[in-house]
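> Model the structure of this input:
(one chain, ligands or ions: 3)
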Amino acid sequence: MSHKITLTQFLIEQQRGLPDASGTFTLLLNNIVTACKKISHLVNRGELIGVLGSAESENIQGEIQKKLDIITNDIMVNELNWTGHLAGMASEEIDDPIKIPDQYPKGKYLLLFDPLDGSSNIDVNLAVGTIFSILRCREGIHPDVQDFLQKGAEQVCAGFVLYGPSTMMVLTTGHGVNAFTLDQDIGEFILTHCNMQIPETTSEFAINMSNQRFWEAPVQRYIEDCVRGNDGVSDKNYNMRWIASLVADVYRILTRGGVFLYPLDTRNPSKPAKLRLMYEANPMGFIIEQAGGLCSTGRERILNIKPDSIHQRVPVILGSKQEVERIMQYHQQG
Ligand SMILES: O=P(O)(O)OC[C@H]1O[C@](O)(COP(=O)(O)O)[C@@H](O)[C@@H]1O
Ligand SMILES: [Mg+2]
Ligand SMILES: [Mg+2]
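Numbering: from 1, shown residues only. Ligands and ions are numbered 1, 2, ... in the order given. Sure, this is the predicted structure:
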């Protein structure tokens, strides 16, 4: 009989391998897990408790917020600001870094998060998620924006929770990627997917085709290859998927391979890219690379980008190695 390993047991085992570990990191992750369990419960109950629909307010992204964008943001903040493990937080839904109230102790980590990813899907009962990234910070200080602007390669940990048919947490601390399924009966995340690996090749691409006329030539060329399949330069036919929830598209790629593109486009020159570096592209980049895939802007490795602002946007091309490499070649060829 194979034993069910809980996420907590898994983290403590990992911690045992680090002689200098103080346990703070494991406790911090457990607080994040508690917050996501609360979010899972809310998302699952939806209209039963009146949390669907628009909040009629606008965030710094210029997007009209959903009620659940705000509710999930507050759950993350209230579950984590008192714990003593964090020096500061930053959220997609809040303009500036979130200060830890003076009455609470300050810790040595920074948490950046997208409390509700795929929010355009929440009212139509499709998969959504929470994405988070953990960085180190000077201890016992009120960090300023500069303290957050670290390259993705500096991340200590990255993860996301997918609120789909089952609730799953995908996690990396730089030692591979593991996924845990929430056992609703006992309220525990159970290790169900060990050391996830992305196949190097794929015949499945994901992109929002409605933006095609606004893409750059290298992306036009690659998608043309996919659409034409073996009538074109490819030796195979491709299938297409687009869930419009980054968490769900990435989980599919972790499970069966694929390539995801949210490239630069000319729709709105002031916003040439859609996805945010600090709490979408960097955590997903860390996870994808740890699972043997690649994550690029088309021109450079996402984890090498020196951020210049908390809500900075970047083009994102990630997934199966050989496909991302071909797209990068097309960018080099111009
Ligand atoms: O609506 P579009 O243009 O297809 O964009 C979908 C993308 O936007 C996002 O929903 C943006 O994330 P948020 O929902 O957190 O703002 C991604 O999850 C998804 O990949
Ligand atoms: Mg998002
Ligand atoms: Mg969001």
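
> tell me which residues form a beta bridge with the residue of the chain found nearest ligand 2?
Distances between the chain and ligand 2 by Cβ to the ion are smallest at residue 117, namely 3.5 Å. (C-beta placed from N, C-alpha, C; glycine too.) Residue 117 has these beta-bridge partners by DSSP bridges: residue 129.

> Could you double-check that it lies in contact with residue 132?
No: taking contacts as Cβ atoms under 8 Å, residue 117 lies outside contact range of residue 132: 10.3 Å.

> Find the residues that touch each one of these two.
Common contact partners of residue 117 and residue 132 (Cβ atoms under 8 Å, 6 or more residues apart in numbering): residue 160.

> between those two, who's got more neighbours?
residue 117 (28 against 25; other Cβ atoms under 10 Å).

> separation between the more buried one and residue 87?
Distance of residue 117 to residue 87, given as Cβ to Cβ, to the nearest Å: 24 Å.

> And the closest residue to residue 258 other than its chain neighbours, its phi and psi?
Nearest in space to residue 258, with sequence neighbours left out and distances taken as Cβ to Cβ, 6 or more residues apart in numbering, is residue 204 at 4.1 Å. Dihedral angles of residue 204 (phi, psi; degrees, to the nearest 10) stand at phi -140, psi 120.

> tally of neighbours for residue 204?
19.

> Next: residue 120.
If you count neighbours by other Cβ under 10 Å, residue 120 ends up with 12.

> Go ahead and confirm it touches residue 244.
Yes: counting by Cβ under 8 Å, residue 244 is a contact partner of residue 120 at 5.9 Å.

> Hmm, the residue nearest to residue 258 is touching residue 237, no?
No: counting by Cβ under 8 Å, residue 237 is not a contact partner of residue 204; they are 10.5 Å apart.

> how about the residues of the chain near ligand 2?
By Cβ under 5 Å from the ion, the residues of the chain that approach ligand 2 are 114, 117.

> from the chain, which residue is nearest to ligand 3?
For the chain, Cβ to the ion, closest residue to ligand 3: residue 114, 4.3 Å.

> Help me confirm that that residue is found in a strand?
Yes: Residue 114: assigned to a strand according to DSSP: H, G, I helix; E, B strand; the rest coil.

> quick thing: my sequence starts at 605, can you match it?
Renumbered: residue one is now 605, and that last one reads residue 718.

> And the pLDDT for it?
Listed pLDDT for residue 718 reads 98.

> wait, what's in contact with the residue nearest to residue 862?
842-845, 860-863.

> Let's see which of those residues end up in helices.
The helices, defined by DSSP state H, take in residue 860 from these.

> which of the contacts of residue 808 has the most neighbours?
In these, the most neighbours by other Cβ under 10 Å go to residue 863, 28 neighbours.

> residues touching that one, list them.
806, 808-810, 857, 921-924, 927-928, 931.

> Cool, thanks, signing off.
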